[in-house]
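# Predicted model and sequence below, questions to follow.
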Amino acid sequence: MKNDCLFCAIVDGEIPSTKVFEDELCYAFRDINPQAPAHILVVPKAHIASVAEVTEENAALAGHCLAVCAKIAVQEGLTGGYRIVSNCGDDAGQTVHHLHFHILGGERLNDHMA
Ligand code: 5GP
Ligand code: ZN
């Protein structure tokens, strides 16, 4: 756990969240400000700041988070499809500097990538 990291505090249970899924490596919860009918965040329990800090050493953990995204999409009934987003750095508008994958779905999403 990293001091002053919001998502570390959520993983640790210090800040409440609506849990969707949890295993020994990752934690998933509903976004507090949903941008789609289904908006879930999947985070590794270990602190990694962003995709920019994914290396060969921790890539399996990031990959595991993606496998969990796929599992949650089934759990949430997102049969029509969904979008996975990971904002990295200021230009992308990353506001929480703990790696997270947004799962967005439950409606026809807009066609814009950015
Ligand atoms: P980013 O902009 O860094 O890609 O995404 C951060 C996300 O975290 C945002 O979608 C924001 O709504 C969500 N968020 C920020 N604070 C909280 C919180 O305290 N609880 C939950 N569940 N989501 C949060
Ligand atoms: Zn953290």
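Nice, thanks for sending it over. Ligands and ions are numbered 1, 2, ... in the order given.
# Tell me the first helix or strand C-terminal of the longest helix seen in the chain.
Longest helix in the chain, counting residues (DSSP state H): helix 59-75. Downstream of helix 59-75, the next assigned helix or strand under DSSP states H and E is strand 82-85.
# Parallel or antiparallel, which strands does that following strand pair with?
strand 101-105 (antiparallel) (DSSP bridges).
# Okay, now the unreliable bits of the chain?
By pLDDT under 70, the weakly predicted segments of the chain are 1.
# give me that answer again for 50
Residue ranges of the chain with pLDDT under 50: none are present.
# neighbouring contacts of stretch 55-74?
20-21, 23, 25-26, 28, 40, 42-44, 46, 48, 51, 54, 82, 84, 99, 101, 103, 105 (Cβ atoms under 8 Å, 6 or more residues apart in numbering). Any C-beta I mention is one placed from the backbone N, CA and C, and that applies to glycine too.
# Could you rerun that using 7 Å?
20-21, 25-26, 28, 40, 42, 44, 46, 48, 54, 82, 84, 99, 101, 103, 105 (Cβ atoms under 7 Å, 6 or more residues apart in numbering).
# go on, stretch 15-31?
6, 9-11, 39-45, 61, 64-65, 68, 72.
# Quick check: buried residues in it?
S17, V20, F21, C26, Y27, A28, F29, D31 (16 or more other Cβ atoms under 10 Å).
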